[in-house]
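[1] kindly generate the corresponding structure for this input.
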Amino acid sequence: MATKKPRVPVTLEPELLEQVEAYQYQYGITSLSKAIRQLVRVGIGSLEGGGVSRQEPELPRQERLLLEAVRELEPVQKAALLRVLELAGGSAETGQTRE
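    Numbers count the residues shown, from 1 in each chain. Predicted coordinates:
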């Protein structure tokens, strides 16, 4: 699906990419781009607040409940769920699937 959002190429050290991917997996985020956006928001929020924040980004209630349920899944179950969403063309970000 095309987006009108600006695209910004980013180069990461392998260790930093592993940390971003770990964050993505920990919170059940289906898109690496979405994980990076959330981490950028947290970083900017910590600058605005004057301190370093390790808090999870503020999410809508429905998404928070879904993430709580996903955290209780076994790693294999999480991987299967992410694959099903990917194959269905779904996006946790938009809540839409391909018709």
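
[2] what helices or strands is the longest helix along the chain leaning on?
    Determined from DSSP state H, the single longest helix within the chain is helix 32-49. Helices and strands touching helix 32-49, by 3 or more C-beta pairs under 8 Å, 6 or more residues apart in numbering; DSSP states H and E, are helix 14-26. For the C-beta atoms, the positions are set from N, CA and C on the backbone; glycine is no exception.

[3] tilt between the helix it packs on and helix 32-49?
    Helix 14-26 and helix 32-49 are oriented at 100 degrees to each other (axes from the mean of the first three to the mean of the last three C-alpha atoms, to 10 degrees).

[4] end to end, how far does stretch 6-17 reach?
    21 Å (C-alpha to C-alpha, to the nearest Å).

[5] what residues does that stretch touch?
    Contact with stretch 6-17 is made by 20, 36, as judged by C-beta atoms under 8 Å, 6 or more residues apart in numbering.

[6] use 312 as the first number for this chain going forward.
    New numbering, starting at 312: the last item is stretch 317-328.

[7] returning to what we had before: measure how the helix or strand that comes right after the longest helix of the chain sits relative to helix 325-337, angle-wise.
    Counting by DSSP states H and E, the next helix or strand C-terminal to helix 343-360 is helix 372-382. Between the axis of helix 372-382 and that of helix 325-337 there is an angle of 100 degrees, by the same axes, to 10 degrees.

[8] please identify the buried residues of the worst-scoring helix or strand of the chain on mean pLDDT?
    In the chain, the helix or strand scored least confidently by mean pLDDT, DSSP states H and E is helix 372-382, which has a mean of 73. Within helix 372-382, the residues scored as buried using 16 or more other C-beta atoms under 10 Å are 378, 381.

[9] how far out from the middle of the chain is the longest helix of the chain?
    The chain centre lies 11 Å from the centre of helix 343-360; the measure is C-alpha atoms, centre = their mean, to the nearest Å.

[10] residues of it that come out buried?
    For helix 343-360, by 16+ other C-beta under 10 Å, it's 346-347, 349-350, 353.
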